[in-house]
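In: What follows is a predicted structure for the sequence shown.
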Amino acid sequence: MLEPIHVSLASLNITTLAPMLIAIVGALVILGIDLVKEGLHKSFYVMVSLLFLLLDLGSVIDFGNIFLKNGPILGMFDMMLIDGLAILGQIIIVVGSMLFIPLALTSKRFHEYNYPEYFSLFLFMIAGFQFMVATDNLILIFVGLETASLALYALIALHNRSKSFEAAVKYFTMGALAAGFFAFGSMIFYAITGSIEINQIASVLAADHYANIGYVLVAVSFLLAAFGFKLSMVPFHTWTPDVYEGSSAALAGYMSIVPKIAGFIVAMRLFEFLVHSGVVWLQVVLYIAVVITMTASNIWAMVQTDVKRMLAYSSISHAGFVMAAILIGTTQSNTALFLYWALFSFTNLGAFTMLWVSRQKNLLPGQSSDHPYEKFAGLVKTMPMAAIMMALFMLSLAGIPPFGLFWGKIYIIASAVTGGYTVLALIMALNSAIAAYYYLKLIVFMFMKEPVTGYEKYYFTNASLSLKTIIGIAAIGTIFAVFAVNPLLKVITLFVYNSGY
C-alpha cells in the first residue's frame with residue numbers, strides 16, 4: 001500500500017502567487033460587483049482596477065526587497081521563480097498597466113469602456129503576463145501566455161469596428177499558430193531532457209555536451225518562430241500593422257509595450273543559455289533576425305502614410321533593437337534591455353495617447369485611415385501645446401539626445417561594443433539614423449506645413465483631464481530621464497546581476 005504524500009503549506013510557499021492572485025481576485029471582484037449592481041459608471045471600475053494594480057505593485061516590490069536579501073524565491077513545487085528578472089518584468093507590466101487604465105476616462109464615448117468585462121479581462125491579461133515572467137517552467141509559461149492572449153483578443157474585438165474584428169481574428173490566428181510552435185518546441189525539449197524547467201534543461205544539455213544537437217536545433221527553431229510571432233520579429237511580423245490599426249490607439253500603445261516585455265524575459269531565460277553554450281547556429285540565426293527586423297521595419301515605416309501604422313512598424317524596429325541585447329547576452333546588455341524598455345514605455349505610451357485623443361468616429365471623404373500625416377499638418381498653429389508634446393515623443397523615439405530613449409539606445413550599443421559585436425553596434429547606430437527620418441517627418445508636418453481643412457474638430461480638443469495627466473507623466477518621464485538614468489541603472493543592475501544574468 002502506497003503511503004500518502006504530505007506536502008506542507010510552508011514548502012509550497014503559496015505567497016509567490018500573491019501578485020497574480022491579486023490581479024485575478026480583482027477581475028473576479030469586478031464581475032461580482034456587476035452581477036449585484038449593473039450600470040455603474042466606468043470611473044468606478046477604473047478606480048477598482050487601479051486599486052488592485054496598486055496592491056499588485058506593492059506585493060511585487062515586497063518580493064523585490066526579499067530577493068535582494070535572500071536571493072531567488074521558489075514556490076509551488078518550484079514552478080514559481082521570483083528572481084530579479086521576474087521582479088523587474090512585473091514592475092514594468094503593472095506600472096504600464098496603471099498608466100493605461102485611466103485612458104478609459106476619456107471624455108469621448110467609447111462603448112467598450114462601459115462594459116465591466118473590459119476591466120475584468122484586462123486584469124486577467126495582466127495576471128497571465130505575470131505568470132509568464134515569474135517562472136522558468138515551460139508549461140506555466142504556456143498557460144500564462146494563453147491566458148493573456150485570449151483576454152487580449154477579446155479586448156481588441158470589443159472596440160467594435162470592422163477593422164477591430166479583422167484585427168482580433170488575425171491576432172487570434174497568428175497567436176494560435178505561435179502557441180502550437182511553442183508547444184512543439186517544449187515537447188521536444190522534454191523528450192530529450194526529461195524536464196520542462198529551463199534551468200534543468202540547460203543542465204542536462206550541458207552535461208551530455210549536446211549529444212542530441214539535431215533535436216535541440218528543431219526545438220529551438222519552433223521556439224524562435226513562436227517568439228518571433230509574439231515579439232513581431234521579421235518575418236513573423238505581418239500581423240502587427242493591421243492589428244495595431246484595428247485596435248484603439250490606446251490599446252495599440254499598450255500592446256507595443258507590456259506583452260513584449262513578457263516575451264523578452266522568457267526569451268532571455270530560454271535562449272541565453274543556448275547562446276552562451278556555443279550553439280553557433282542559434283547565434284547566427286538570432287544575429288540575422290535582429291538585423292533584418294531592425295532594418296526592414298525601418299524601411300517599411302518610412303513609406304507609411306498613416307501615423308499609427310508608422311508607429312506600429314517602428315515598434316517592430318524597437319523590438320529588434322532590444323532582441324540584440326538577448327543575442328549579446330551579457331549582464332550589461334540585459335541591464336540595458338530593461339533600461340531601454342522602461343524608457344520606451346513612457347515615450348511610446350505618450351505617443352499613442354496623443355493619437356487616442358485625436359481619434360475620429362467617421363472618416364472624411366477620401367480619408368483612408370484615422371491618423372494620416374495630413375491630419376497633423378500645421379498643428380503648431382492650431383494646437384501648439386499638442387504639437388510640442390508630440391514632437392517631444394518623436395524626438396525621444398528617434399533617440400535624439402538628451403531625451404529619454406537616447407540613453408537606452410546608447411547603452412545597448414555600448415553593450416554590443418563591449419560584448420565584441422562591433423559590426424552589430426554599427427548596424428544599430430545606422431538604423432537609429434534611418435528611424436530619425438520618419439519620426440522627424442511627422443515633426444515637419446506639424447511645424448512646417450499648413451493645416452488641412454476638415455481636421456480642425458479632431459485637434460485634441462476633447463482630451464479629458466485623465467488623458468492630459470497621462471500625457472504629462474509621459475512627457476516628464478521623457479524629459480527628465482537624463483537625471484534618472486544612473487539611479488535606474490544601479491537598481492536594474494542589482495536585480496539582473498543577482499539573478500545570474
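Out: Noted; the coordinates are in hand.

In: how about stretch 296-316 as CSV, C-alpha atoms only?
Out: Output in CSV follows, covering the C-alpha atoms of stretch 296-316 (Å, rounded to 0.1, in the frame of the first residue of the first chain):
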residue,chain,number,x,y,z
ALA,A,296,13.3,46.1,-42.8
SER,A,297,10.8,47.5,-40.3
ASN,A,298,12.5,50.9,-40.5
ILE,A,299,12.3,50.9,-44.3
TRP,A,300,8.6,50.0,-44.1
ALA,A,301,7.9,52.7,-41.6
MET,A,302,9.5,55.3,-43.9
VAL,A,303,6.8,54.7,-46.6
GLN,A,304,3.7,54.7,-44.4
THR,A,305,1.1,57.4,-44.9
ASP,A,306,-0.7,56.7,-41.5
VAL,A,307,1.0,57.7,-38.3
LYS,A,308,-0.4,54.7,-36.3
ARG,A,309,1.0,52.3,-38.9
MET,A,310,4.3,54.1,-38.8
LEU,A,311,4.4,53.7,-35.0
ALA,A,312,3.5,50.0,-35.4
TYR,A,313,6.4,49.4,-37.8
SER,A,314,8.7,51.5,-35.5
SER,A,315,7.7,49.3,-32.5
ILE,A,316,8.9,46.3,-34.6
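
In: Pull out the buried positions in that stretch.
Out: For stretch 296-316, burial by neighbour count (16 or more other CB atoms under 10 Å) applies to 296-298, 300-301, 304, 306-316. Any C-beta I mention is one placed from the backbone N, CA and C, and that applies to glycine too.

In: can you pull the contacts of residue 136?
Out: Listed by CB atoms under 8 Å, 6 or more residues apart in numbering, the contact set of residue 136 reads 81, 197-199, 269.

In: again with residue 422
Out: Contacts of residue 422 by CB under 8 Å, 6+ apart are residue 416.

In: can you tell me which of the buried residues of stretch 296-316 are in helices?
Out: 296-298, 300-301, 307-316 (DSSP state H).

In: quick check, nearest of these to residue 375?
Out: For these, the minimum distance to residue 375 (CB to CB) is 7.7 Å, reached by residue 307.

In: these two touch, right, residue 406 and residue 400?
Out: Yes - contact criterion CB atoms under 8 Å: residue 406 and residue 400 qualify, at 6.3 Å.

In: So the two - more neighbours on which side?
Out: Neighbour count, other CB atoms under 10 Å: between residue 406 and residue 400, residue 406 has more, with 21 against 17.

In: The more buried one: which element?
Out: Counting by DSSP states H and E, the element that carries residue 406 is helix 404-418.

In: Quick one: mean pLDDT for that helix?
Out: Mean pLDDT, helix 404-418: 91.

In: Lowest pLDDT pick from the contacts of residue 136?
Out: Among the contacts of residue 136, residue 199 has the weakest pLDDT, 86.

In: List the contacts of it.
Out: residue 136.

In: cool, and residue 192?
Out: Residue 192 neighbours (CB under 8 Å, 6+ apart): 204-205, 212, 215-216, 219.

In: buried subset of those?
Out: Among the contacts of residue 192, the ones that count as buried by 16+ other CB under 10 Å are 205, 212, 216, 219.

In: Need the residues that contact stretch 290-297.
Out: With CB under 8 Å, 6+ apart, stretch 290-297 has contacts from 233-235, 237, 313-314, 316-317, 319-321, 323-324, 327, 424, 427-428, 431, 434.

In: returning to that earlier point: mind listing what's buried along the next helix or strand after the helix holding residue 406?
Out: Using DSSP H and E, the helix or strand that follows helix 404-418 in sequence is helix 422-448. Going by neighbour count (16+ other CB under 10 Å), the buried part of helix 422-448 is 424-425, 427-428, 431-432, 435-436, 438-439, 441-443, 445-447.

In: can you check stretch 74-82 too?
Out: Quick answer for stretch 74-82 (16+ other CB under 10 Å): 74-76, 79-82.
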